[in-house]
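**Student:** compute the structure for the input listed below.
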Amino acid sequence: MADFLQVSTATADRESAEELARGAVRARRAAGAQVVGPVFSAFWHESEFGTGEEWQLLFKIRADQYAELERHLLEHHPWKNPEITAVPIVAGAPDYLRWLATNAAPEYGN
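**Tutor:** Modelled structure (predicted):
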């Protein structure tokens, strides 16, 4: 299992994305978050094909914090069944990964 993950989700608007990003980082559920958008999405929802504009969020976390971040996102996300996925960070600049390890820690600075 990788030591670090990049977790993604999306929202319908920039305000919701920024609110989720700020909330997760302030709560120490992630070391950092990025909001990307708008992005075009094509999807199936309730058996119907749809398209739309979304704002993607990317969170950087320690792998052992995934469950906490997922709970946080499900609790605060404006959608009932949001996409929340994680991919391993298999390589990275050593200084960045040290920063990530330190700043993803809930006890950091408390």
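**Student:** residue contacts, Arg14?
**Tutor:** Residues near Arg14 by CB atoms under 8 Å, 6 or more residues apart in numbering: Val35, Gly37, Pro38, Trp55. Bear in mind the C-beta positions are built from the backbone N, C-alpha and C, glycine included.
**Student:** from Thr9, how far out is the second one?
**Tutor:** Yep, that's Gly37 we're talking about. Distance, Gly37 to Thr9, by CB to CB, to the nearest Å: 12 Å.
**Student:** higher neighbour count, those two?
**Tutor:** More neighbours surround Thr9 than the other of Gly37 and Thr9, with 24 against 15 (other CB atoms under 10 Å).
**Student:** SS state for that one?
**Tutor:** strand (DSSP: H, G, I helix; E, B strand; the rest coil).
**Student:** which stretches of the chain form helices?
**Tutor:** 14-26, 66-76, 94-103 (DSSP state H).
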